[in-house]
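Student: Below are the sequence and a predicted model; questions follow.
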Amino acid sequence: MAPRKSKGDGEEKAKPLTTTASSTVTRSMGSRTRSQTQQNGAKAAGSATKPVKLASPKKAKRKNSAIETGRAKKGKKEEEAVEEVEKEEEEPEVEDPTRTKIVIEHCKQCNAFKTRAIQVKEGLEGAVPGVNVALNPEKPRRGCFEIREEGGETFISLLEMKRPFAPMKALDMEEVIEDIIKKIK
C-alpha cells in the first residue's frame, strides 16, 4: 500500500498511526471512505483557498462546413444519383448490338465473391474480343453468385448461399471461364 500524500504546503504533516499495547490497528481502520474525504476536502477548500475559474480557450470556428467542401457523408440515394451523373459525363455508353454483354452478379457479403467475379471478368475480356462484362449493374442479392448473358441464357446461378459458401468455393473458376467462352462463341 502506498504511503499517504502529505498536504501541499507542508503546514500540516500526516500523523502516523500509533499503536498502543492494548489495541491492534488493522488496515481498514486507517482508511477513509470517499464521502469522508470529500467532506474533509470541502471543509479545507472552503476555509483555506477559493477555487479559481480559468477561462477556457474558445473553439476555433470552422473555415468551411463539410457540405460546402463536398466532404459530407451522403445517403445511398444521393450517392447513386451522383454516380449516375458521373457515368453519363465520363463515357456515354453506346449499346453495340454486335457485342455480347455478360452480367456478373456477386454478393458483397464476402470478398470471395468479388475475387471470383473479377477473375471471370478478366478471363472473358481477355479471351473474347467483343464482349462487355458488367459487375453488379444493379444491387446484388444476398448470397448470390450468378453469371448470365443479358437478356439471354444463365451460365451459373448460385442463389441464397449460406456461409461458408461451399458451392461457390468448390467451383474451378478456370473451367467455368472456359465453358462460358465455348457457349458465347
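Tutor: Great, that's in hand.
Student: Local confidence estimate at the residue nearest to residue 100 when sequence neighbours are not counted?
Tutor: Excluding the flanking residues, the one nearest residue 100 by C-beta to C-beta, 6 or more residues apart in numbering is residue 131, at 5.4 Å. Yep, even glycine has a C-beta here, placed from its N, CA and C like the rest. Here the pLDDT value assigned to residue 131 is 89.
Student: would you put the C-alpha positions of the top strand by length along the chain in PDB?
Tutor: Selection of the longest strand in the chain by residue count, based on DSSP state E, yields strand 100-106. What follows is strand 100-106, C-alpha atoms only, in PDB (Å, rounded to 0.1, in the frame of the first residue of the first chain):
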ATOM      1  CA  THR A 100     -22.400  -9.600 -76.200                       C
ATOM      2  CA  LYS A 101     -23.000  -8.200 -72.700                       C
ATOM      3  CA  ILE A 102     -22.300 -10.500 -69.800                       C
ATOM      4  CA  VAL A 103     -23.600  -9.700 -66.300                       C
ATOM      5  CA  ILE A 104     -21.900 -11.000 -63.200                       C
ATOM      6  CA  GLU A 105     -23.900 -10.500 -60.100                       C
ATOM      7  CA  HIS A 106     -21.900 -11.200 -56.900                       C
END
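Student: In this protein, where is pLDDT below threshold?
Tutor: 7-25, 27-30, 41-98 (pLDDT under 70).
Student: Let's see that with 80 instead.
Tutor: Across the chain, the ranges flagged by pLDDT under 80 are 1, 6-33, 35-99.
Student: Break down this protein into its strands, ranges please.
Tutor: Using DSSP E, the strands found in the chain span residues 100-106, 131-135, 145-149, 154-158.
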